[in-house]
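Trainee: turn this into a structure:
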Amino acid sequence: MLNTQLPGVDWVAVIEELGARAIEMPVLLSGGHATRPVLVQPLRGGRPNRGNLPLGMVLMDQVGRALEVGDRARGRRRRRREARDRLRRLSRRQLQVAQRVVAGEANKVIAGTLNLSERTVEVHRARVMRQARCESVAGLVWLFCQAGFDQGVGRWPIEEFRRQLEERE
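Mentor: Okay, here's the model as predicted:
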(Lines give C-alpha, C1' and ligand atoms only; values in the text may rest on other atoms or scores of the structure.)
Protein backbone atom coordinates (compact mmCIF):
# COMPACT_ATOMS: atom_id res chain seq x y z
CA MET A 1 0.00 0.00 0.00
CA LEU A 2 1.34 3.39 -0.95
CA ASN A 3 0.41 6.43 1.14
CA THR A 4 -0.32 9.36 -1.16
CA GLN A 5 0.03 11.87 1.69
CA LEU A 6 3.83 11.78 1.58
CA PRO A 7 5.00 15.22 0.40
CA GLY A 8 6.94 15.55 -2.81
CA VAL A 9 6.24 12.02 -4.09
CA ASP A 10 4.77 11.54 -7.56
CA TRP A 11 2.81 8.29 -7.19
CA VAL A 12 2.12 7.99 -10.90
CA ALA A 13 5.91 8.02 -11.45
CA VAL A 14 6.38 5.40 -8.70
CA ILE A 15 3.87 3.03 -10.30
CA GLU A 16 5.28 3.64 -13.79
CA GLU A 17 8.79 2.87 -12.48
CA LEU A 18 7.56 -0.38 -10.92
CA GLY A 19 6.13 -1.34 -14.31
CA ALA A 20 9.31 -0.32 -16.16
CA ARG A 21 11.35 -2.55 -13.84
CA ALA A 22 8.92 -5.44 -14.42
CA ILE A 23 8.10 -5.52 -10.70
CA GLU A 24 4.75 -7.21 -10.46
CA MET A 25 2.98 -6.57 -7.21
CA PRO A 26 -0.46 -5.42 -6.22
CA VAL A 27 -0.49 -1.69 -5.49
CA LEU A 28 -3.19 0.02 -3.48
CA LEU A 29 -3.01 3.76 -2.98
CA SER A 30 -4.25 5.32 0.22
CA GLY A 31 -4.63 8.94 1.15
CA GLY A 32 -7.13 10.85 3.20
CA HIS A 33 -6.44 14.15 1.45
CA ALA A 34 -5.74 12.88 -2.06
CA THR A 35 -7.99 14.02 -4.84
CA ARG A 36 -9.90 11.56 -6.95
CA PRO A 37 -7.59 11.87 -10.03
CA VAL A 38 -4.51 11.21 -7.88
CA LEU A 39 -6.00 7.90 -6.73
CA VAL A 40 -7.73 6.76 -9.89
CA GLN A 41 -5.21 7.72 -12.56
CA PRO A 42 -2.47 5.33 -11.39
CA LEU A 43 -5.03 2.59 -10.82
CA ARG A 44 -6.16 2.82 -14.41
CA GLY A 45 -2.61 2.57 -15.74
CA GLY A 46 -2.34 6.28 -16.43
CA ARG A 47 -5.87 6.61 -17.82
CA PRO A 48 -8.19 8.64 -15.61
CA ASN A 49 -11.56 7.11 -14.77
CA ARG A 50 -13.83 8.52 -17.47
CA GLY A 51 -16.99 6.88 -16.15
CA ASN A 52 -19.07 8.14 -13.31
CA LEU A 53 -18.39 5.14 -11.10
CA PRO A 54 -18.04 5.82 -7.40
CA LEU A 55 -14.45 5.71 -6.22
CA GLY A 56 -15.25 2.77 -3.92
CA MET A 57 -16.35 0.64 -6.88
CA VAL A 58 -13.26 1.62 -8.85
CA LEU A 59 -11.04 0.74 -5.87
CA MET A 60 -12.75 -2.63 -5.35
CA ASP A 61 -12.35 -3.44 -9.04
CA GLN A 62 -8.69 -2.47 -8.97
CA VAL A 63 -8.01 -4.41 -5.75
CA GLY A 64 -9.50 -7.48 -7.44
CA ARG A 65 -7.30 -6.93 -10.49
CA ALA A 66 -4.23 -6.39 -8.31
CA LEU A 67 -4.89 -9.68 -6.52
CA GLU A 68 -5.20 -11.45 -9.88
CA VAL A 69 -1.88 -9.93 -11.03
CA GLY A 70 -0.28 -11.11 -7.79
CA ASP A 71 -1.69 -14.62 -8.26
CA ARG A 72 -0.36 -14.78 -11.84
CA ALA A 73 3.09 -13.54 -10.72
CA ARG A 74 3.21 -16.15 -7.94
CA GLY A 75 2.19 -18.82 -10.46
CA ARG A 76 4.99 -17.78 -12.84
CA ARG A 77 7.54 -17.84 -10.00
CA ARG A 78 6.30 -21.30 -8.90
CA ARG A 79 6.50 -22.68 -12.46
CA ARG A 80 9.99 -21.18 -12.87
CA ARG A 81 11.16 -22.80 -9.61
CA GLU A 82 9.70 -26.16 -10.62
CA ALA A 83 11.28 -26.00 -14.10
CA ARG A 84 14.69 -25.08 -12.65
CA ASP A 85 14.41 -27.93 -10.14
CA ARG A 86 13.83 -30.35 -13.02
CA LEU A 87 16.87 -28.99 -14.89
CA ARG A 88 19.08 -29.12 -11.77
CA ARG A 89 18.71 -32.91 -11.76
CA LEU A 90 20.75 -33.14 -14.95
CA SER A 91 24.47 -33.83 -14.93
CA ARG A 92 26.91 -31.40 -16.49
CA ARG A 93 27.13 -33.48 -19.70
CA GLN A 94 23.37 -33.93 -19.85
CA LEU A 95 22.94 -30.15 -19.57
CA GLN A 96 25.40 -29.65 -22.43
CA VAL A 97 23.42 -32.07 -24.59
CA ALA A 98 20.09 -30.54 -23.51
CA GLN A 99 21.29 -27.03 -24.37
CA ARG A 100 22.23 -28.13 -27.86
CA VAL A 101 18.97 -30.04 -28.36
CA VAL A 102 17.05 -26.90 -27.35
CA ALA A 103 19.19 -24.90 -29.80
CA GLY A 104 17.97 -27.26 -32.55
CA GLU A 105 21.20 -29.17 -33.22
CA ALA A 106 21.04 -32.73 -34.58
CA ASN A 107 22.61 -35.63 -32.66
CA LYS A 108 25.42 -35.86 -35.21
CA VAL A 109 26.30 -32.18 -34.79
CA ILE A 110 26.12 -32.44 -30.98
CA ALA A 111 28.40 -35.48 -31.09
CA GLY A 112 30.98 -33.63 -33.19
CA THR A 113 30.84 -30.50 -31.03
CA LEU A 114 31.19 -32.37 -27.72
CA ASN A 115 33.60 -34.98 -29.11
CA LEU A 116 31.25 -37.87 -28.32
CA SER A 117 29.90 -40.76 -30.35
CA GLU A 118 26.45 -40.35 -31.81
CA ARG A 119 25.24 -43.27 -29.71
CA THR A 120 26.48 -41.58 -26.50
CA VAL A 121 24.57 -38.44 -27.45
CA GLU A 122 21.44 -40.56 -27.99
CA VAL A 123 21.85 -42.10 -24.51
CA HIS A 124 22.38 -38.68 -22.89
CA ARG A 125 19.42 -37.26 -24.77
CA ALA A 126 17.14 -40.10 -23.64
CA ARG A 127 18.25 -39.62 -20.02
CA VAL A 128 17.69 -35.88 -20.28
CA MET A 129 14.15 -36.44 -21.49
CA ARG A 130 13.43 -38.98 -18.73
CA GLN A 131 15.04 -37.02 -15.87
CA ALA A 132 13.51 -33.71 -16.95
CA ARG A 133 10.16 -35.49 -17.38
CA CYS A 134 9.71 -34.25 -20.96
CA GLU A 135 7.89 -36.28 -23.59
CA SER A 136 9.14 -34.33 -26.61
CA VAL A 137 11.77 -31.84 -27.71
CA ALA A 138 9.02 -29.20 -27.71
CA GLY A 139 8.41 -30.07 -24.05
CA LEU A 140 12.12 -29.66 -23.32
CA VAL A 141 12.16 -26.28 -25.07
CA TRP A 142 9.08 -25.27 -23.06
CA LEU A 143 10.82 -26.39 -19.85
CA PHE A 144 13.80 -24.15 -20.64
CA CYS A 145 11.43 -21.24 -21.34
CA GLN A 146 9.52 -21.85 -18.09
CA ALA A 147 12.85 -21.86 -16.25
CA GLY A 148 13.59 -18.41 -17.69
CA PHE A 149 16.18 -19.51 -20.25
CA ASP A 150 14.60 -18.38 -23.49
CA GLN A 151 17.34 -15.98 -24.60
CA GLY A 152 19.93 -18.03 -26.48
CA VAL A 153 20.74 -20.48 -23.69
CA GLY A 154 22.01 -23.03 -26.20
CA ARG A 155 25.18 -21.01 -26.71
CA TRP A 156 25.96 -20.16 -23.07
CA PRO A 157 29.05 -21.73 -21.53
CA ILE A 158 27.93 -24.56 -19.27
CA GLU A 159 29.41 -22.85 -16.18
CA GLU A 160 27.28 -19.75 -16.79
CA PHE A 161 24.21 -21.91 -17.33
CA ARG A 162 24.84 -23.80 -14.07
CA ARG A 163 25.33 -20.48 -12.24
CA GLN A 164 22.03 -19.20 -13.63
CA LEU A 165 20.28 -22.40 -12.56
CA GLU A 166 21.51 -22.02 -9.00
CA GLU A 167 20.54 -18.34 -8.74
CA ARG A 168 17.71 -17.56 -6.38
CA GLU A 169 14.56 -16.14 -7.91
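Trainee: all helices in this protein, in order from the N-terminus.
Mentor: Using DSSP state H, the helices of the chain run over residues 11-20, 36-43, 55-88, 92-102, 107-114, 118-131, 137-146, 158-166.
Trainee: helices or strands up against the first one?
Mentor: Taking 3 or more C-beta pairs under 8 Å, 6 or more residues apart in numbering; DSSP states H and E as the contact definition, the neighbouring helices and strands of helix 11-20 are strand 2-3, helix 36-43. The C-beta positions use only the backbone N, C-alpha and C, and glycine is treated the same way.
Trainee: lowest average pLDDT across the ones you listed?
Mentor: Comparing mean pLDDT across these, the weakest is helix 36-43, with a mean of 46.
Trainee: where does the protein have its least confident helix or strand?
Mentor: Least confident helix or strand of the chain, by mean pLDDT, DSSP states H and E, is helix 36-43 with a mean of 46.
Trainee: which of the helices of the chain sits most buried?
Mentor: Among the helices of the chain, the stretch with the highest mean neighbour count (mean count of other C-beta atoms under 10 Å) is helix 92-102, at a mean of 21.
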